[in-house]
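[1] heads up, no residue letters with this:
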């Protein structure tokens, strides 16, 4: 683990490679799983505010779920998470040509139609955050459906923390991310051999 300000960062973020390969996985991380994505109350309010802009793009079953139960619920672990359809699909999943699963929130954000990208927990994936009383743990979550992303990341020479620059900066700030990069560079110079970050 690396200590960056008040966080403990798994070495997996520094040592492992990752670049999303949606052409191979078709966005399966938005479909598989037994609960929705963790969100905060503030994020729930943001989602509710932008919902009218994306509502018509959602699956009919997702629209019914939102109409009946809202955009989020409390899961079995007591966490607030996005609502899901049929025990799997996030309600904000939508589909493009070829069966590609997309996030309706992110697509609308990238098109400049709304001012909220998506929950930070989604933006950060494959990193998972766990809050403890005195520090925040920043861990890499390995999932078999993301094997293609690990392969592509290694091919391109992109480490997990590099791929996640935007969401890590969004969550922790530029100063934190810059410190992580500096620490990663020094760590890889010492332990990474030819794979050290430039």
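    Nice, I can see it. Keep in mind it's a predicted model, so treat the numbers as computed, not measured. Numbers count the residues shown, from 1 in each chain.

[2] for stretch 79-91, buried residues please.
    80-85, 89-91 (16 or more other CB atoms under 10 Å). Where you see a C-beta, it was placed from the backbone N, CA and C, and this is true even at glycine.

[3] now that stretch, how far from the centre of its chain.
    15 Å (CA atoms, centre = their mean, to the nearest Å).

[4] now render the buried residues of stretch 79-91 as CSV, adding pLDDT, distance to residue 129 and secondary structure.
    What follows is the buried residues of stretch 79-91, written out as CSV (pLDDT from 0 to 100; distance: CB to CB, whole Å; DSSP: H, G, I helix; E, B strand; the rest coil):
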residue, pLDDT, distance to residue 129, secondary structure
80, 93, 14, strand
81, 92, 14, strand
82, 93, 16, strand
83, 93, 21, coil
84, 90, 20, strand
85, 89, 25, strand
89, 83, 23, strand
90, 88, 18, strand
91, 91, 22, coil
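
[5] redo these as a markdown table? Include distance to residue 169.
    Formatted as a markdown table, the buried residues of stretch 79-91 follow (distance: CB to CB, whole Å):
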| residue | distance to residue 169 |
| --- | --- |
| 80 | 24 |
| 81 | 24 |
| 82 | 23 |
| 83 | 28 |
| 84 | 28 |
| 85 | 32 |
| 89 | 29 |
| 90 | 24 |
| 91 | 27 |
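
[6] before I go, just wanted to say thanks for your time.
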